[in-house]
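**Q** need a structure here:
(2 chains)
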Number of protein chains: 2
Amino acid sequence: MRSTQRHGQPDVPDLTSPGEGGPAPAGVLGRTLAILEAFAGGEASLSLGVLSRRSGLPKSTVFRMVSEMCRERMLERNEDGSYRLGLRLFEIGERVPTYRSLSEVARPIMEDLREATRQRIHLAILEGVDVVYVEIVGANLLSVGSRTGGRFPAHATGVGKALLAYSPAAVVQARIDAGLPRLTARTITTPGALHRDLRQTRTKGFAQDREESHVGISCVAAPVFGSDSKVTAALSITGRTTSIDPARLGPAVLTAAHTLGRSLRESHL
Amino acid sequence: MRSTQRHGQPDVPDLTSPGEGGPAPAGVLGRTLAILEAFAGGEASLSLGVLSRRSGLPKSTVFRMVSEMCRERMLERNEDGSYRLGLRLFEIGERVPTYRSLSEVARPIMEDLREATRQRIHLAILEGVDVVYVEIVGANLLSVGSRTGGRFPAHATGVGKALLAYSPAAVVQARIDAGLPRLTARTITTPGALHRDLRQTRTKGFAQDREESHVGISCVAAPVFGSDSKVTAALSITGRTTSIDPARLGPAVLTAAHTLGRSLRESHL
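**A** Numbering: from 1, shown residues only, chains lettered A, B, ... in the order given. Modelled structure (predicted):
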């Protein structure tokens, strides 16, 4: 399967065009990832043309890459000639330790919280200036945009604000520098309002999202402190605004976050 | 994040050409995957030396590859110089449609089954001659070896036998040809016994694992038929042998499998 001999072959075409402004991905790895990232839009299958457009790579290059990627089971070819992500990527993704260990420890605690509240429970971590959902428990009856592996800008979500409130100032500044995009009419979009909200979060110990990411949906979210006493994750209880009473659910999410933090510290995570 | 300037650098291995007859060697993609597969053993972090040994690549090659992979956030470097899989791989893996759609439809049904039985619920698909777990609900109190994204040989598990019983004969033969490795004293290890078990499974409509994959652990498992009326997955109820009464739990797992199949067909999955 593996070859170290193909390395220096001269018939490799020049694929990137430096100096033309467009960030065409460089190297096989960059091109591979550009093709994989074309699926970030959420479609199950993409045609060669769409892959080419989204990756910024010529069709001939994409064709060669996807053939190779199919051989390696990173992609699978549909009968209509379009491509979907291969199960091998799922298998590799499930081995990522941040996900696996957090998720294994958190699942039972999240299921308890869900049974107690009958709402949707999120576990997220901060990745750069976004939150990434690592585990979700409870059906998505409300068509909330969250899914495991999905990203949201940190300032617009309860879990994101719980994480930012206990992160170094530089992390909050990075989010501000990256912009505070508006997701709903209630999204925080100014640095002053964000700092004020994070102070309130620290005072209460938990964050609130009042329809800031989805109209009609609110949440309470609490930070989770791991073995190095740094904030490693956040838990939230999410539901219809009318079902999310912070006075009642704040203590519940805080309790679960403390339990999870203790479990993580006991597991040295 | 992408650089167009590294393109011409001699130390970046570049794209291999399409096949010159015979199976095309793996090139950069194959080397990348060989490094990622080194983590299949389950360790969170691996040193350069272990990566080199497991991938079969020289240390210098591994060093160059992991540097590139860290830049692309496929790997992350620990403070002690070892490497772990990067969160980006988790994000990509969660987009794999087989996993995502099956899992989204199955989760609420699996949670119902778990509440009704208080056992661990597995959802698996057949991938070649192995089962791959795509979703698991319920805490792993019994230290069962299953985890999402994990593989088990199909003949040794309830979900695997439920899948094999309704698959074409060639699939069963492929499992036999690949060998019938023994996991416990009760694992089926002969073709005759496997065919006999699969016939019984078809008669009852569900499969049983009687301590065939783990000592002390049994399960009942039912096939799930998707929109093309082919078997697409299997559901199981797994627990201590003393808790798994097939007469009582068989109908439960069959009911849930029918519900899931109907939901999949309604979603055209």
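**Q** which residue sits closest to the residue of the stretch 51-200 of chain A found nearest chain B, ignoring its sequence neighbours?
**A** Closest contact between the stretch 51-200 of chain A and chain B, by Cβ to the nearest Cβ, is at A:G93 (1.8 Å). Glycine gets a C-beta too; all of them are placed from N, C-alpha and C. Computed as Cβ to Cβ, 6 or more residues apart in numbering or on different chains, the closest residue to A:G93 that is not its neighbour in sequence is B:G93, at 1.8 Å.
**Q** What's the end-to-end length of stretch A:68-75?
**A** 9 Å (Cα to Cα, to the nearest Å).
**Q** pLDDT below threshold where in chain A?
**A** A:1-24, A:139-143, A:269 (pLDDT under 70).
**Q** so where do the helices sit in it?
**A** In order along the chain, chain A carries the following helices (DSSP state H): A:27-37, A:48-55, A:59-71, A:87-93, A:97-117, A:158-165, A:169-177, A:191-204, A:246-266.
**Q** Please tabulate these in JSON lines, including the columns distance to A:P223.
**A** What follows is these, written out as JSON lines (distance: least, Cβ to Cβ, whole Å):
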{"stretch": "helix A:27-37", "distance to A:P223": "30"}
{"stretch": "helix A:48-55", "distance to A:P223": "36"}
{"stretch": "helix A:59-71", "distance to A:P223": "39"}
{"stretch": "helix A:87-93", "distance to A:P223": "25"}
{"stretch": "helix A:97-117", "distance to A:P223": "14"}
{"stretch": "helix A:158-165", "distance to A:P223": "5"}
{"stretch": "helix A:169-177", "distance to A:P223": "13"}
{"stretch": "helix A:191-204", "distance to A:P223": "9"}
{"stretch": "helix A:246-266", "distance to A:P223": "6"}
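**Q** Please convert those to CSV, extending it with mean neighbour count.
**A** CSV is the format used below for the helices of chain A (neighbours: other Cβ atoms under 10 Å in any protein chain shown):
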stretch, mean neighbour count
helix A:27-37, 23
helix A:48-55, 18
helix A:59-71, 18
helix A:87-93, 24
helix A:97-117, 20
helix A:158-165, 29
helix A:169-177, 15
helix A:191-204, 15
helix A:246-266, 18
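**Q** circling back to that earlier point, in contact with the residue of the stretch 51-200 of chain A closest to chain B, which residues?
**A** A:99, A:149, B:89-94, B:96, B:149 (Cβ atoms under 8 Å, 6 or more residues apart in numbering or on different chains).
**Q** Please report how far it lies from A:R100.
**A** As judged by Cβ to Cβ, to the nearest Å, A:G93 and A:R100 stand 10 Å apart.
**Q** got it, and A:A156?
**A** A:A156 sits 27 Å away from A:R100, going by Cβ to Cβ.
**Q** ok, now A:V134?
**A** For A:V134, the distance to A:R100 - Cβ to Cβ - is 9 Å.
**Q** Could you do A:L126 as well?
**A** Going from A:L126 to A:R100 by Cβ to Cβ gives 18 Å.
**Q** do the same with A:T232
**A** For A:T232, the distance to A:R100 equals 14 Å [Cβ to Cβ].
**Q** Check A:R107 too.
**A** 11 Å.
**Q** can you check A:G49 too?
**A** Counting by Cβ to Cβ, the gap from A:G49 to A:R100 is 36 Å.
**Q** ditto for A:V129
**A** 24 Å.
**Q** cool, A:M110 as well?
**A** From A:M110 over to A:R100 the distance is 15 Å, taken as Cβ to Cβ.
**Q** And A:K230, by the same measure?
**A** Distance, A:K230 to A:R100, using Cβ to Cβ: 19 Å.
**Q** just A:I136 next, same as before
**A** A:I136 is 15 Å from A:R100, by Cβ to Cβ.
**Q** Same check on A:E127?
**A** The gap separating A:E127 from A:R100 is 16 Å, by Cβ to Cβ.
**Q** same question, A:S67
**A** Applying Cβ to Cβ to A:S67 and A:R100 gives a distance of 31 Å.
**Q** cool, A:K59 as well?
**A** Separation of A:K59 from A:R100 (Cβ to Cβ) stands at 37 Å.
**Q** again with A:S263
**A** Look at A:S263 and A:R100: by Cβ to Cβ, they are 14 Å apart.
**Q** need the contact list for the residue nearest the centre of chain A.
**A** Nearest to the geometric centre of chain A sits A:V132, at 2.4 Å (Cα atoms, centre = their mean). Residues near A:V132 by Cβ under 8 Å, 6+ apart: A:124-126, A:149-151, B:87, B:90-91.
**Q** and if you look at A:E72?
**A** A:88, B:26, B:29-30, B:33.
**Q** ok, A:A234 - contacts?
**A** A:A234 makes contact with A:123-125, A:131, A:158-160, A:162-163, A:207, A:221-224, A:257 under the criterion Cβ under 8 Å, 6+ apart.
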